[in-house]
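*Asks:* Only the shape, not the letters, is given here:
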């Protein structure tokens, strides 16, 4: 009887030990959502870093594009997922803008950011057959022909729409804004002659410039782009417009600290790698790593700034 009781007691201990065993994270594939179409800067950066992080975590990172609503569609999807670390998202600057734009009630404080990867300026480009050989010629025409220049951007309310509106405000002109599902799609339309101008990421027009189909007129920054060293920056042209996009990564709110720490550490290593630095040079980006706490603070401060700025620019 004692022997049976002893075996029963051992069995209880084994069962308890089995119940208390915690599954190590991650143990299965991680979904990564991108709120823009394939081929653009957001997509390129996400796929590159996802591949790098796969090697670090030992599980696949599967990237899915959910374009629409200046990243609002993807943000709504991601934040509705279980906060267990298996659904994360590339968060562009638009994630700090969508509430002010009336596209979503979600704002940075509802999200757990865990890394900033880079920043990037807007590039202003035209078709190579365009009559505008310089930014000054473009603005001169726009001043006397309000609303005639069709300007493509990455979607209504996107950072590149914001850039075009900022140019209007600074230069006293008016464009006809044409939204696309990402900067890459806008660049393709420009190459096809469907629009007159784009304000998008430098890397999104790279293939068009290299093929001789597009011409860059200016970079909306205080300094020239390493990708287009012969193209003037706005500061040189006498304009103070500086519109910077940025890219971060985040998880749904309430994601556990220990899970977020794993993501933070793995992405930090990938973002600060020589390989990612080389990618940034190739696409005209500036590596700008921030850890989880600093990225959260940065995104919330950006949201507060856009909340004040967007109503005055009538971006909705």
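*Replies:* Arrived safely, thanks for sending. Predicted, not measured: the structure shown is a model, and the values here were computed from it.
*Asks:* C-alpha from now on. contacts and neighbour counts both.
*Replies:* Noted.
*Asks:* now the strands for the stretch 51-200 of the chain?
*Replies:* All strands of the stretch 51-200 of the chain, identified by DSSP state E, counting those that start in this stretch, fall at 61-65, 87-92, 111-127, 150-153, 176-179, 197-200.
*Asks:* could you dump the ones you listed to CSV with mean pLDDT?
*Replies:* Converted to CSV, the strands of the stretch 51-200 of the chain look like this (pLDDT from 0 to 100):
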stretch, mean pLDDT
strand 61-65, 97
strand 87-92, 97
strand 111-127, 96
strand 150-153, 95
strand 176-179, 95
strand 197-200, 96
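*Asks:* wait, which of those is closest to residue 46?
*Replies:* strand 87-92 (6.4 Å; Cα to Cα).
*Asks:* all helices of the stretch 1-150 of the chain, in order?
*Replies:* 2-20, 41-57, 72-79, 135-144 (DSSP state H, counting those that start in this stretch).
*Asks:* Off-centre distance for the last one?
*Replies:* I take that to be helix 135-144. On the basis of Cα atoms, centre = their mean, to the nearest Å, helix 135-144 sits 30 Å off its chain's mean C-alpha point.
*Asks:* Pick out the residue nearest the middle of the protein.
*Replies:* For the chain, residue 92 is the residue whose C-alpha lies nearest the centre (Cα atoms, centre = their mean; 2.7 Å).
*Asks:* Could you check how far that one is from residue 312?
*Replies:* According to Cα to Cα, to the nearest Å, residue 92 and residue 312 sit 22 Å apart.
*Asks:* Hmm, residue 146 is touching residue 175, no?
*Replies:* Yes - Residue 146 lies in contact with residue 175 (Cα atoms under 8 Å); the separation is 6.5 Å.
*Asks:* More neighbours: those two, which one.
*Replies:* Taking other Cα atoms under 10 Å, residue 146 and residue 175 do not tie; residue 175 has more neighbours (20 against 13).
*Asks:* Could you give the bridge partners of the residue nearest to the centre of the chain?
*Replies:* residue 247 (DSSP bridges).
*Asks:* Residue 177 now?
*Replies:* Note on residue 177: beta-bridge partners by DSSP bridges are residue 151.
*Asks:* That one and residue 287, how far apart?
*Replies:* Distance from residue 177 to residue 287, by Cα to Cα: 30 Å.
*Asks:* List the contacts of stretch 217-232.
*Replies:* The contact list for stretch 217-232, computed with Cα atoms under 8 Å, 6 or more residues apart in numbering, reads 121-126, 133-135, 163, 202, 216, 233-236, 240-244, 281-284.
*Asks:* Mark which of the residues you listed are buried, thanks.
*Replies:* Buried subset of the contacts of stretch 217-232 (neighbour count, 16 or more other Cα atoms under 10 Å): 121-126, 134-135, 163, 202, 216, 233-235, 241-244, 283-284.
*Asks:* which residues touch the residue nearest to the centre of the chain?
*Replies:* By Cα under 8 Å, 6+ apart, the neighbours of residue 92 are 42, 71, 245-248.
*Asks:* ranking these by neighbours, who comes first?
*Replies:* residue 71 (30 neighbours).
*Asks:* so what's the residue nearest to it when sequence neighbours are not counted up against?
*Replies:* In this structure, residue 71 finds its nearest non-sequential neighbour in residue 35, 4.4 Å apart by Cα to Cα, 6 or more residues apart in numbering. Going by Cα under 8 Å, 6+ apart, residue 35 touches 42, 65-68, 70-75, 90-91.
*Asks:* Residue 304: how many residues sit nearby?
*Replies:* 15.
*Asks:* For it, give its distance to residue 31.
*Replies:* For residue 304, the distance to residue 31 - Cα to Cα - is 29 Å.
*Asks:* What of residue 119?
*Replies:* In terms of Cα to Cα, residue 119 sits 23 Å off from residue 31.
*Asks:* Okay, the closest residue to residue 234 other than its chain neighbours and residue 202: tell me how far apart.
*Replies:* In space, and not counting its chain neighbours, residue 234 is closest to residue 220: 5.2 Å by Cα to Cα, 6+ apart. Using Cα to Cα, residue 220 is found at 10 Å from residue 202.
*Asks:* anything in contact with each of the two?
*Replies:* By Cα under 8 Å, 6+ apart, the residues touching both residue 220 and residue 202 are 121-123.
*Asks:* Residue 146 - nearest residue in space that isn't next to it in sequence?
*Replies:* Of all residues not flanking residue 146 in the chain, residue 174 sits nearest, at 5.0 Å (Cα to Cα, 6+ apart).
*Asks:* which residue packs closest to residue 161, ignoring adjacent ones?
*Replies:* Closest to residue 161 by Cα to Cα, 6+ apart is residue 153, at 5.3 Å.
*Asks:* Count the neighbours of that neighbour for me.
*Replies:* 30.
*Asks:* who's in contact with it?
*Replies:* Residue 153 makes contact with 160-161, 164, 177-180, 182-183, 186, 198-200, according to Cα under 8 Å, 6+ apart.
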